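1. Here's my sequence, what's the structure:
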Amino acid sequence: ELVIGKYLGAMTALVALSVGVLITTVLIQAAKISITGLPFSLEPYLVYMMVMTLPSMVFVSALTFVLGAVLRKQTAVALTVGAYTIAVILFLGRRYDGLFDFGAFFAPLFYSDLLGTGDISEVLQQRLMYCILAVGLLGLSINRYPRLSQSASCRWIGRVMAVVGLAGSASVYAYSEHIAVRTSAFRKALSEERTRIADRRAPRVLHYHFAIELLSGRSSLSATVGMDLVNPYEERLDTLYVSLNPGLTINAVNGSNGPLPYDHDLGIVRIPSALPAGDTMRVELVYDGEIDNDAFDLVKTETRLQKSRHPFYKGDMTAWIDRRSVFLPPRSNWYPRPGVETAGSEPSYATANLTVSLPAHLTPVTQGVRADSTTSDGRKTEEWRVESGTPAFSLNAGVYRVYEKNIHGVNLALYIHPTHRRQVEFFK
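-> The predicted structure is shown next:
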């Protein structure tokens, strides 16, 4: 009771101080924004407090208590905590994938107007680990703290807290490590499969027919994509190979004469349907699901960021579908692409027509020219046409304000997020 009471008292004071600093910072920022005219959002302040500040205070307070129970000298405790903090900032924090970064000093918690903080699930696992570890340290301090004798039940409470806290924090780390190892094995399997079939000939796409639904409630991405295929080789193709992100589930593959058999494994769709030399055929894929960010960018050159396989702080946001914005680059294989893309592969230069349905507050943008736009029942539907051969297609969307102008016979459109409007209009 003595230890828990002191701990809660210290935490109450620290939380009150943090809230006071937060309020002061918000007021200063609000005053600055009222002068500059920039928009204001309270979300990043709350995220930083809940994710960075509070878990740090919970852990450091428990660490201070257990050091006090062991060392029993305030000076020694202060020096130890200070030395640990300096070691984390100067050395440990940037190594071992953030395992020792108790203050989240190096956590990727950058706030974006387009995405917020993004996917911080692995950072949250690290913060949870420190909160659970704090319970274990507090349990140790209950058993070691100098005080009058206590009942056996109180001693057992401290021991249970110590065991649960230490075992729980170790379990969180083990789980994160397991996920990281499994992801590494998955990426290796994907890479090996692509290497195995890289020399298989694939048809070319002449034209795409896209019907895309984003954030429809059933899944983030639902699509029906038709491909007009041609066999440009002198030999018959017995199997059609198509790349599609493995996070997407195929519901049907249809040909001109009805459903076609298929197999979708490790991001490769195999369609055992013959395509004679020089012939064309129509293949339609119906699929939905989520984009798996671990399933692309399998080969990283020296110019790209290298990541270790260990857990924490390595979340990847190279493609996403969120109510704030959508970013689907071609390399994420959000749509079916013939064969396997390699450094020496020749792309298909295809035309396309796209119909995109998404929440009304978002505005899509892709290759080509927007042909039509309608809004009904809280959803926006836009049609885009690509009339010249294009090697790849991306799909982006956001809360945009569109500036359009014809310059020397060329129609230009600039998509700007509302929070950046003032900077753009300054140079108008």
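
2. R218 and Q367, how far apart?
-> As judged by C-beta to C-beta, to the nearest Å, R218 and Q367 stand 26 Å apart. Where you see a C-beta, it was placed from the backbone N, CA and C, and this is true even at glycine.

3. out of these two, which sits in the busier spot?
-> Neighbours were counted for R218 and for Q367 using other C-beta atoms under 10 Å; Q367 has more, 17 against 10.

4. Where does pLDDT dip in the stretch 201-350 of the chain?
-> 299-317, 342-344 (pLDDT under 70).

5. Go again with 90.
-> Along the stretch 201-350 of the chain, the model assigns pLDDT under 90 to residues 201-202, 216-219, 256-257, 266, 293-319, 322-324, 331, 339-348.

6. where along it do the strands fall?
-> 204-214, 221-230, 240-243, 248-255, 258-259, 263-265, 268-271, 280-289, 320-321, 325-328, 337-338, 350-359 (DSSP state E, counting those that start in this stretch).

7. Can you check which of these gets nearest to F100?
-> strand 320-321 (29.2 Å; C-beta to C-beta).

8. got a list of contacts for that closest one?
-> For strand 320-321, the surrounding residues in contact (C-beta atoms under 8 Å, 6 or more residues apart in numbering) are 115, 118-119, 214-215, 220-221, 290-291, 293, 326-328.

9. follow-up on the earlier one: now that we have the strands of the stretch 201-350 of the chain, can you turn them into TSV and tack on distance to V58 and mean neighbour count?
-> Formatted as TSV, those follow (distance: least, C-beta to C-beta, whole Å; neighbours: other C-beta atoms under 10 Å):
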stretch	distance to V58	mean neighbour count
strand 204-214	39	19
strand 221-230	38	21
strand 240-243	46	24
strand 248-255	40	16
strand 258-259	56	8
strand 263-265	45	13
strand 268-271	47	20
strand 280-289	37	19
strand 320-321	30	20
strand 325-328	33	22
strand 337-338	48	24
strand 350-359	37	20
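
10. can you redo the ones you listed as CSV with distance to A180?
-> Compiled in CSV, those are given as follows (distance: least, C-beta to C-beta, whole Å):
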stretch, distance to A180
strand 204-214, 30
strand 221-230, 26
strand 240-243, 25
strand 248-255, 23
strand 258-259, 39
strand 263-265, 23
strand 268-271, 24
strand 280-289, 23
strand 320-321, 20
strand 325-328, 24
strand 337-338, 28
strand 350-359, 33
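
11. Tell me which of those approaches S191 most closely.
-> strand 268-271 (12.0 Å).

12. Give the other helices and strands that that closest one contacts.
-> strand 240-243, strand 248-255, strand 263-265 (3 or more C-beta pairs under 8 Å, 6 or more residues apart in numbering; DSSP states H and E).

13. Contacts for the last one, please.
-> Translated: strand 263-265. E193, L244, P246, T249, I250, V269, R270.

14. Just give me how far it sits from the chain centre.
-> Mean-position distance between strand 263-265 and its chain equals 25 Å (C-alpha atoms, centre = their mean, to the nearest Å).

15. And stretch 246-262, by the same measure?
-> 28 Å.

16. Also stretch 167-179?
-> The chain centre lies 20 Å from the centre of stretch 167-179; the measure is C-alpha atoms, centre = their mean.

17. list the buried ones in that stretch?
-> For stretch 167-179, the neighbour count (16 or more other C-beta atoms under 10 Å) marks G168, S169, V172, Y173, S176 as buried.

18. now, which of these lie within strands?
-> Using DSSP state E, no member of the buried residues of stretch 167-179 sits in strands.

19. just those now: which is nearest P259?
-> S176 (41.8 Å).

20. doesn't Q125 make contact with the closest one?
-> Yes: with contact defined as C-beta atoms under 8 Å, S176 and Q125 form a contacting pair (5.2 Å).

21. buried sites along the helix or strand containing Y403?
-> According to DSSP states H and E, Y403 maps onto strand 401-407. For strand 401-407, burial by neighbour count (16+ other C-beta under 10 Å) applies to no residue.

22. Which elements pack onto that strand?
-> For strand 401-407, the packing partners by 3+ C-beta pairs under 8 Å, 6+ apart are strand 410-416.

23. tilt between the strand it packs on and strand 401-407?
-> 160 degrees (axes from the mean of the first three to the mean of the last three C-alpha atoms, to 10 degrees).

24. Tell me the buried residues in strand 410-416?
-> Quick answer for strand 410-416 (16+ other C-beta under 10 Å): Y415, I416.

25. before we move on, what SS does the closest residue to L92 other than its chain neighbours have?
-> Counting by C-beta to C-beta, 6 or more residues apart in numbering, the nearest residue to L92 once its immediate chain neighbours are dropped is F100, at 4.0 Å. Following DSSP: H, G, I helix; E, B strand; the rest coil, we place F100 in the coil state.

26. Hmm, I89 and F100 touching each other?
-> No: here F100 does not reach I89: they are 10.4 Å apart, not a contact under C-beta under 8 Å.

27. count of neighbours near R159?
-> R159 - counted by other C-beta under 10 Å - has 14 other residues nearby.

28. Pull up the gap between the residue nearest to L92 and R94, please.
-> 10 Å.

29. for the strands of the stretch 201-350 of the chain, which one sits closest to A162?
-> strand 320-321 (40.4 Å).

30. In the sheet, which strands lie alongside the closest one, parallel or antiparallel?
-> Under the criterion DSSP bridges, strand 320-321 sits next to strand 325-328 (antiparallel) in its sheet.

31. elements contacting the lengthiest helix in the chain?
-> Looking across the chain with DSSP state H, the single longest helix is helix 152-196. Helix 152-196 sits against helix 121-144, with contacts defined as 3+ C-beta pairs under 8 Å, 6+ apart.

32. I'm done for today, thanks for sticking with me.
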